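[1] Need coordinates for the following:
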Amino acid sequence: MKKFNTPVVNHLAITAVTLAVLTACGGGGDSGGGASLGGGGVGLGASSGPVVSAPAVDPTQKAPDDGVPVAVNDLAAAAVDRSAKPQELPDTVWPGNYKLWFRPDAALKTFVGRGDVEIEVLKPVDAIVVAAHNLNFAKGRTTLRKVSNPGEAIPLIPTPQTLGDFVQLRLSDGQIAKGKYLLHMEWDGKIQFSDAEFCPPAEVQRNPFCSAATGIFKVGLSTPEGVSSDAIVTQGETNYARQWFPGWDEPAFRHTFEISAEVPGDWKTVSNGAQISAVKLPDGYQRVSFEKTPSMPMYLTFFGGGKFDILPDTFKNPLDGSDIPLRWFTPPGRSTWATFPMEWTKVAMDYYYKYTGIPLPIKKFDTIAANDSYNNKPNTGFGGMENWGAIFEFADAVLTKPGDKPTLYSVTVVTHEIAHQWFGDLVTLDWWDNVWLNESFARWFERRTTIKFHPEYYSFSDYVLDKHNVIVADLKSTAVPVQRNLNDAGSFGFISPSIFVYNKGSHVLETVQNYIGEEAMQKGLQIYLKDYGFGNVTPSRLWTSLEKVSGGKKVADIGDSFIRQTGVPLLTVDAQCAAGRTYVNITQESFPNQNQFPASTWNIPVTLAYGDAMEQRKTFVMSTGAVQVELPGCTAVLAGPTGQDYYVSNYSAQSWSALLAKAQSFADNKPLLLNIERDAFRLLQVGRITQVQYDQIKGIVNLPAALLAKTSESQQKMAAVDAGAEKEEYPHALRFQGNLKLRENEKR
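    Residues are numbered from 1 along each chain as shown. Predicted coordinates:
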């Protein structure tokens, strides 16, 4: 998911977009109407994708089939454990496939829904527990049917618990036996933004992350002339899908969805799967149905409906030459405003297909851009959401009026959400304290693709400047680890602030790549995606995948030391020449900070540049407080020649002089020059170098005027934030309904 770069309101909320719709209970299923969008379904690699492993409840038991068949050549991969342990819902009942249906009322204030869910009860239970928030279960309409005896409907009694966020579905007497069942549920709920006071002042005071952009919510589609029409869309991340339909909304559960809905007859509709039918109904509504989705977590489900315009196109899969239909859904009269985003979509998808070597297991790829006449309400906005095959974005942030230049944000949000189709959707975090596995990757790829294809918007110098913005935040008392330990205090907005989960995590990934190399990084991520496709990932699973191709390099120790700690390493380099050799003494410490729980030591991949033209390299991992390295000849030494590694470098007076004497050797490397200057500025601020030294460094580095202007602007902005004159640029990005639990100390 992508947040806005600048705060539109006090705190911006981010969530996933989700709408489900049920056919088996009487809605949908008609064979007439529109044809399926073209393109054959493709799976992971050459196959349809591996089956997701069940979490260990009992070694003799297994989770139900998730609908993704295993090809013969994927049997070895299928042995990989892709499962995750649920954190709040029991692991005794596992869903397989949902058939979901819903219908909004004419005023778009409420909706009714129903669903049939294939489940497997792994051992006898007192109740089936589902997540549901502000949903009213229809009396006498919740039943259970054994797959072995579908003719008998067993009534269940919905019993709310934990303020209604979890509902126990019980028999009137006794336990529900082990076995496979079809669970039928009916309910009604509220469409958010159906009134003007969803977030009244008292509620905002209690919960500053209050937002109506959750579950099913209403947006206003505005034409360029200002004519508005209401539409509905959905948002499910983190656990807001439970406001749309009851179910298993933790990322540990992956299942397939068959969605259908009854909506006004003049609407265009879109969901994760390709639309297979649209049948006119006597009351002016239409019944629309969509193909079964790939196996995915509940928070990625999506439905949108309204008087959209559509810009169509086609993407040619570079791996096999097949065509995939593309569509941008826009507010009426604005389809031409999606011309640039459509072209950028094709470029970005081509890059990700080639980089991963894995085609998306979908038949079509849609992006829904809705402008929102309710955008002035408190905390309505998030930038975009990576629903599989149906990305949602706010049109005002991403569409470009013909003749206008696209904004940097409109460039990055497109490639960010597309990156999520692999990193977040194909492989999914195990629990929300690891959301960086979704967001850091999307931010990392967003930056790299923009630098590659649109350098007029973003460069590696900008990336260095962003790193130093992160460093400033990472030294404050408000700094938190990239990987959080979650508890009740984080329930409303648990990324606090999101600069760490998004930006610091991306710089950690860049540091890892600089250590193992671009080729190893790509191959390792291909292994990661293939081994854990249609399953859950953890940091240890990521590091292990990268270590398989890194030639014995220990990535796990490095990665964990950066994502689990706050603060920034400070390296001090002292290079001395003796007998024709250079002896480099390096110490590490925590850069002076205000961290509540400061780190003292990291496992740091250090690369030294040296030699007559500073062209030679030596790389090693520093895991202790001090180390000595021997280099041939008498030479100046530079730590971190890319300028991208996540640490600050200082030098002894003699080593600074020797390094600056070689400045001409890297005069064309603007990102490195900027990093040297920014490191020196950080050191000046904490008294590690003098003003005279800094002025000398700045003068010799001699940054171009444009970069000097950017550094000045960045410093002024950070100073304004510190003084309280400007809002933090990185607001809380994700919210959670209820109380997040502290994770058990388990290996992940």
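[2] and the host helix or strand of Val129, what does it pack onto?
    According to DSSP states H and E, Val129 maps onto strand 127-131. Helices and strands touching strand 127-131, as assessed by 3 or more C-beta pairs under 8 Å, 6 or more residues apart in numbering; DSSP states H and E, comprise strand 166-170. To be clear about C-beta, it is placed using only N, CA and C from the backbone, and glycine gets the same treatment.
[3] pLDDT (mean, whole number) over the strand holding Val129?
    Strand 127-131 shows a mean pLDDT of 97.
[4] how about that strand as CSV, C-alpha atoms only?
    The C-alpha coordinates for strand 127-131 follow below in CSV (Å, rounded to 0.1, in the frame of the first residue of the first chain):
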residue,chain,number,x,y,z
ALA,A,127,-17.4,-23.0,18.0
ILE,A,128,-16.3,-21.7,14.6
VAL,A,129,-14.8,-18.2,15.2
VAL,A,130,-15.0,-15.6,12.5
ALA,A,131,-13.9,-11.9,12.5
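[5] quick check: angle from it to strand 166-170?
    150 degrees (axes from the mean of the first three to the mean of the last three C-alpha atoms, to 10 degrees).
[6] Any buried residues in strand 127-131, and which?
    127-131 (16 or more other C-beta atoms under 10 Å).
[7] chain center to it: distance?
    Its chain's average C-alpha position is 27 Å from that of strand 127-131, according to C-alpha atoms, centre = their mean, to the nearest Å.
[8] hang on, the earlier thing: could I get the buried residues of strand 127-131 as a markdown table with distance to Thr142?
    Listed next are the buried residues of strand 127-131 as a markdown table, based on distance: C-beta to C-beta, whole Å:
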| residue | distance to Thr142 |
| --- | --- |
| Ala127 | 11 |
| Ile128 | 9 |
| Val129 | 13 |
| Val130 | 10 |
| Ala131 | 15 |
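[9] Among those, which one lies nearest to Pro95?
    Val130 (9.1 Å; C-beta to C-beta).
[10] Who does that closest one form a beta bridge with?
    Following DSSP bridges, Val130 is listed with bridge partners Val167.
[11] for Asn136, same thing?
    Asp188.
[12] what's the spacing between it and Gln243?
    12 Å (C-beta to C-beta, to the nearest Å).
[13] One more: Glu291?
    For Glu291, the distance to Gln243 - C-beta to C-beta - is 25 Å.
[14] okay, the two: which has more neighbours?
    Using other C-beta atoms under 10 Å as the criterion, Glu291 and Gln243 rank with Gln243 on top: 27 against 20.
[15] Who are the contact partners of the more buried one?
    133-135, 189-190, 192, 214-216, 737 (C-beta atoms under 8 Å, 6 or more residues apart in numbering).
[16] Next up, the contacts around Glu439.
    1, 424, 498, 501-502, 505, 733.
[17] what's the farthest-apart pair in these?
    The span of these, defined through C-beta to C-beta, is set by Gly424 and Ser498 at 15.0 Å.
[18] The stretch 101-250 of the chain: helices as residue ranges?
    Along the stretch 101-250 of the chain, counting by DSSP state H, counting those that start in this stretch, helices occupy 201-206.
[19] low-scoring stretches of it, by residue?
    162-163, 194-211 (pLDDT under 70).
[20] Recalculate using a threshold of 90.
    134, 161-165, 192-214, 219-220, 226, 238 (pLDDT under 90).
[21] Quick one: the strands in it, in order.
    110-121, 127-131, 136-137, 143-146, 149-155, 157-161, 166-170, 179-190, 215-222, 228-235 (DSSP state E, counting those that start in this stretch).
[22] likewise the stretch 601-748 of the chain?
    According to DSSP E, counting those that start in this stretch, the strands that the stretch 601-748 of the chain contains are 604-610, 616-622, 626-632, 638-639, 648-651.
[23] The nearest residue to Pro331 once chain neighbours are set aside pairs with what?
    Nearest residue to Pro331, sequence neighbours excluded (C-beta to C-beta, 6 or more residues apart in numbering): Leu221, at 4.1 Å. Under DSSP bridges, the beta-bridge partners of Leu221 are Ser229.
[24] Closest to Leu683 out of the contacts of Glu439?
    Gly505 (24.9 Å).
[25] Next, give phi and psi for the closest one.
    phi -60, psi -40 (degrees, to the nearest 10).
[26] Going forward, the N-terminal residue is numbered 2.
    Got it, first residue is 2 now, which makes that one Gly506.
[27] Which residue is the nearest non-sequential neighbour of it?
    Ser441 (2.7 Å).
[28] That neighbour belongs to a helix?
    Yes. Looking at Ser441 with DSSP: H, G, I helix; E, B strand; the rest coil, it is inside a helix.
[29] As TSV, the contacts of Glu440 with pLDDT would be great.
    Conversion of those to TSV gives the following (pLDDT from 0 to 100):
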residue	pLDDT
Met2	79
Gly425	98
Ser499	81
Val502	91
Tyr503	93
Gly506	97
Ala734	54
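[30] ok so, going back, what's the distance between the residue nearest to Pro332 and Ala213?
    Applying C-beta to C-beta to Leu222 and Ala213 gives a distance of 17 Å.
[31] same thing with Gln697?
    Counting by C-beta to C-beta, the gap from Gln697 to Ala213 is 56 Å.
[32] Thought Leu526 was touching Lys549, still the case?
    No. Using C-beta atoms under 8 Å, Lys549 is not in contact with Leu526, being 11.0 Å away.
[33] what about the two, which has more around it?
    Using other C-beta under 10 Å, the more surrounded residue of Lys549 and Leu526 is Leu526, with 24 against 15.
[34] Name the residue in Gln697 and Ala213 with the higher neighbour count.
    Using other C-beta under 10 Å, the more surrounded residue of Gln697 and Ala213 is Ala213, with 23 against 16.
[35] So what's the residue count around the nearest residue to Gly285 once chain neighbours are set aside?
    Nearest-residue entry for Gly285: Gly266, 5.2 Å, with adjacent residues in sequence omitted and distances by C-beta to C-beta, 6+ apart. For Gly266, the count of nearby residues is 14 (other C-beta under 10 Å).
[36] what sits against Gly266?
    Here Gly266 is in contact with 281-282, 285-287 (C-beta under 8 Å, 6+ apart).
[37] If we use 7 Å, what do you get?
    281, 285-287 (C-beta atoms under 7 Å, 6 or more residues apart in numbering).
[38] can you put the contacts of Gln244 in JSON lines and add distance to Gly274?
    Converted to JSON lines, the contacts of Gln244 look like this (distance: C-beta to C-beta, whole Å):
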{"residue": "His134", "distance to Gly274": "25"}
{"residue": "Asn135", "distance to Gly274": "26"}
{"residue": "Leu136", "distance to Gly274": "23"}
{"residue": "Gly190", "distance to Gly274": "22"}
{"residue": "Lys191", "distance to Gly274": "26"}
{"residue": "Gln193", "distance to Gly274": "24"}
{"residue": "Thr215", "distance to Gly274": "22"}
{"residue": "Gly216", "distance to Gly274": "20"}
{"residue": "Ile217", "distance to Gly274": "18"}
{"residue": "Gln738", "distance to Gly274": "26"}
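[39] now, which of those residues sits nearest Ala668?
    Closest to Ala668, out of all of these and judged by C-beta to C-beta, is Thr215, at 52.1 Å.
[40] mind checking the backbone torsions on the closest one?
    According to degrees, to the nearest 10, Thr215 has phi -140, psi 150.
[41] From Phe737, how far out is it?
    11 Å.
[42] mind putting the strands of the stretch 102-251 of the chain in a markdown table, distance to Gln577 included?
    Below are the strands of the stretch 102-251 of the chain laid out as a markdown table (distance: least, C-beta to C-beta, whole Å):
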| stretch | distance to Gln577 |
| --- | --- |
| strand 111-122 | 68 |
| strand 128-132 | 63 |
| strand 137-138 | 76 |
| strand 144-147 | 77 |
| strand 150-156 | 81 |
| strand 158-162 | 68 |
| strand 167-171 | 65 |
| strand 180-191 | 71 |
| strand 216-223 | 65 |
| strand 229-236 | 59 |
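[43] Compare the ones you listed and give me the one nearest Phe303.
    So among the strands of the stretch 102-251 of the chain, strand 229-236 is nearest, using C-beta to C-beta, at 5.5 Å.
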